[in-house]
Structure formats: C-alpha cells, structure tokens
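> Structure here, sequence nowhere to be found:
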C-alpha cells in the first residue's frame, strides 16, 4: 500500500546533558554526559542518517531558566538545558560524516545582529551543500534580556513585530545583495565577482538598520529553509508569513488539528499555497519489541526523571513560577510573555482533564507537552499514522529521552514498520533541504513566499525601508 503522505521525522536535540525531560542523563544507558565531545555529535548524525531521519533539529535557549523559584538552581542540578553550548558549532562536524541528513538550527531574532546571523547561515548552507534550516525564535527568558544588557523585556507580540522587520532585512541580504550570476569565478580574466551585480543593502526600519553588502556569495538555498514554532495567535500570523515548516508541542489531537489548520489558513491569507507549509508535532516515543518491554522502559525512565528540573523547564515555557504552587494546584490559563500556546493547550485543548503541578513534574503524558507514544512497533506506527491523518500534520520532532537507545530503537523498530506500510521513505530524495521537504519545487524560496517578493527585479542599488 502506498500512502499519499510520507511521515517526516526530525531528531530533536540540544547541546546540553538533557533536554525536555530533566535528569535522564543520569540513566546508565545515557550518553548525555558526552554532549561536549565531538564524537557524541558524529555518532548521532550517523545513526540518524542510517534511519533516513530528515533532520537533526537543534533547540537552543539564550540565558538561564531561572523562572522557577527565581533562580536557576533546579535546571543546573538537573543538567536540563543548562549548561548548553552553541548549536551552530556542531553542524559542520555532523555534515562532514553525512551526505543527506539535514540540520535545523535555532537562531534568535531578539539578540542576534541580523547582518552577522545572515552570514553564519550562508556559511553553513555552503558547508552542508544546502542542508540547513533556520528555526526562527524571538526569545522568552527575562534572564536573557539581563544577560544581554537590555533594560526592559519586550512584550510577546512586540517581539514578533520586531521579528517581522528582522526577516525583511534578512531576505534583503540573502536574496537581493548578490545577483544569481554575480560570482563569475572567472580564472582566465582573474575576476571572482562582478561588482555591477553585487549590491549594497540600504535598510532603515523602526528596529533595525543596515547599509552594507552581504558578506557571503549566494549559497545553495540562498535563504535557508525556514521554521517557526509560534502557535499563539501572533505566532501563527508570523509563521503563515515566513515559515516553510512549523511545529507545536501538544498531546491533544483536537488541539493539534485546529492548530495545523490555523497555520495553513494563515499561509493562505498571506497569498501562499497552504501545502507549502510542513507542520510537525513534538513526540516522545518509547518503543520496544513488545508493549510490556516498552512500558517497563517508561517506568524506568520515570525513576531517573528529575521532578524539580521538569517543573523548572515548564516554568520557563509558561512564564509562571510553579514553585509558588502546591503539587495539586491546577494549571490555569493566563497571558504571559512566554510560550502562550502551551498554557492554551493545557487549559483550552478541549479535553476534560485538569492538569496539575504534580502532573507537570512527572515523566509521562502531560497536557501542553508533546504526544506521548508507548508500545511495540505496530502500536507506535498506528499512533503516528493516526496523528498524521487525523490532525493533518506532516511529521514529528522526536523528543530526546535516553540516548542513543531511544533514537536507535526508533530507527531499528519503527522505521522498517512505517516503510512496510508505505508511510516512510526508503531512500533520501536528492537535493537541498528545501528540495527534500518539497520535491519538485526547487532549492529556493517559493515564488509566492514573502521573502521572494523583490527577487525578480533586483535594482541597481537594493534598498529597504523596513519592508525590503
């Protein structure tokens, strides 16, 4: 049987001892303590490519998660998202030992100077031969504002307003500064680039300004494949305008279905083909040859999970200090400057369950977190396919648990079963990351994308006024 849609899979990592699930680096089978070693990343890349995983998706946060109790003690003790190294630094090493695996890299619009970030992504796109995506984030931690020397935090929606302008400048640098044929590389005439085809970007906006030539020649994709994760109302508008792939984190199928539809509806309102947006949901998958073995693993992982660390991470996501609440207090909806969609998923997801602080501390299915799937290969595949079909999503970000065993089990047990059902590729598609995600659409931004609006008529001196 051939399915109409093959499931896409990203391995969701962070350059830290543990990630979404605190404390699991202490499990004797975990390699979490080796996150600072080059071989850790090489082994991860080789395993992912063996399983035809689409991308290693690298999360990142700038600043210490200190919302819980007002201090970072819980995350430091739990080794969860703290310490964390620069995700960009590990990509060239992984790219060197793979040929098809792609890489999603988180970059922050609030703190990264756009002129410098544009060059770093162009460099990575060159070095990987076009196997790079940018996960666009705006930042949520007050501690980062302080660490970066800023006096005041920006409100949730204001961060997205500034990010819209940031993106216009990035498009101008990537898409307009160098014409397609500017880098002539003419050895005989000893001319590398034609100056008449390289343009200074003049951009003056409310938040950002630039007068300069993009420092890198056009890379295989020019603009890397673009991810955005915001599922709040303002975040969905941003994603509809800019993202080619987006993701959410929910265990509620109805919430996932509504959110996926809203992403595509917003893309359509922006004048785009709604199917030029890939939608992912995060998923913790625990699979073993038998259901009983898988459930034993889940219990075992719970014994190594760090309750305070989990609450500290949730506090940062929610923008709420959960240390102030009793274990059985319910989670109520409040507006915050953090990830509004997580609270919405817990409190407005449509289910009858009232989630408590105690629930959030556990390793297990939690509202506002990702899909939680346990079973033998057949059961896991049944659930993955049901999620894709019912919620109209394209794939999953596999949340890191005890590695490399978790990813290896998925590769060895789930991938073959999905392939047998026609729900997973049997070989990588050729080309750049954009070509792999959207076969037949080329390696550049689609023509109906906002960032391509001025591509076809590059002026003699490209200019921008906040909407380049």
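All right, it came through fine. This structure is a prediction, so every number in the text was calculated from the model and none was measured. Numbering: from 1, shown residues only.
> drop to CA atoms for contacts and neighbour counts, all remaining ones
Fine.
> least trustworthy helix or strand in this protein by mean pLDDT?
None of the helices or strands of the chain scores lower by mean pLDDT, DSSP states H and E than strand 463-464, at a mean of 48.
> Is residue 248 in contact with residue 282, as I believe?
Yes - look at residue 248 against residue 282 with C-alpha atoms under 8 Å: they come within range, at 6.4 Å.
> Nearest the middle, which residue of the protein would you pick?
Residue closest to the average C-alpha location in the chain (C-alpha atoms, centre = their mean): residue 135, at 4.8 Å.
> That one belongs to a strand?
Yes - when DSSP: H, G, I helix; E, B strand; the rest coil is applied, residue 135 is found to be in a strand.
> Below-threshold pLDDT in the protein: ranges please.
Segments of the chain classed as low confidence (criterion: pLDDT under 70) are 1-4, 140-141, 145, 151-156, 231, 332-353, 367-368, 453-468.
> remind me, longest strand of it?
Residue-count comparison of every strand in the chain, with assignments taken from DSSP state E, identifies strand 278-287 as the longest.
> what's in contact with that strand?
Counting by C-alpha atoms under 8 Å, 6 or more residues apart in numbering, the neighbours of strand 278-287 from elsewhere in the structure are 244-250, 256, 260, 294-295, 297-298, 370-377, 380, 393-401, 406, 409-410, 413-414.
> same thing but at 7 Å, please
By C-alpha atoms under 7 Å, 6 or more residues apart in numbering, the list of residues contacting strand 278-287 from outside reads 244-250, 260, 294, 298, 370-377, 380, 393-399, 406, 409-410.
> Among these, name the ones in strands.
Per DSSP E, the subset of the contacts of strand 278-287 in strands is 245-248, 371-375, 395-399.
> Format those residues as JSON lines; extra columns: distance to residue 175 and neighbour count.
Written out in JSON lines, the entries for the ones in strands among the contacts of strand 278-287 read as follows (distance: C-alpha to C-alpha, whole Å; neighbours: other C-alpha atoms under 10 Å):
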{"residue": "245", "distance to residue 175": "19", "neighbour count": "23"}
{"residue": "246", "distance to residue 175": "22", "neighbour count": "26"}
{"residue": "247", "distance to residue 175": "25", "neighbour count": "27"}
{"residue": "248", "distance to residue 175": "28", "neighbour count": "26"}
{"residue": "371", "distance to residue 175": "37", "neighbour count": "27"}
{"residue": "372", "distance to residue 175": "40", "neighbour count": "18"}
{"residue": "373", "distance to residue 175": "41", "neighbour count": "20"}
{"residue": "374", "distance to residue 175": "44", "neighbour count": "22"}
{"residue": "375", "distance to residue 175": "46", "neighbour count": "22"}
{"residue": "395", "distance to residue 175": "29", "neighbour count": "24"}
{"residue": "396", "distance to residue 175": "30", "neighbour count": "26"}
{"residue": "397", "distance to residue 175": "29", "neighbour count": "23"}
{"residue": "398", "distance to residue 175": "32", "neighbour count": "24"}
{"residue": "399", "distance to residue 175": "34", "neighbour count": "23"}
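> can I get these in a markdown table with distance to residue 6?
What follows is the ones in strands among the contacts of strand 278-287, written out as a markdown table (distance: C-alpha to C-alpha, whole Å):
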| residue | distance to residue 6 |
| --- | --- |
| 245 | 15 |
| 246 | 17 |
| 247 | 17 |
| 248 | 19 |
| 371 | 19 |
| 372 | 21 |
| 373 | 19 |
| 374 | 21 |
| 375 | 21 |
| 395 | 8 |
| 396 | 12 |
| 397 | 15 |
| 398 | 16 |
| 399 | 20 |
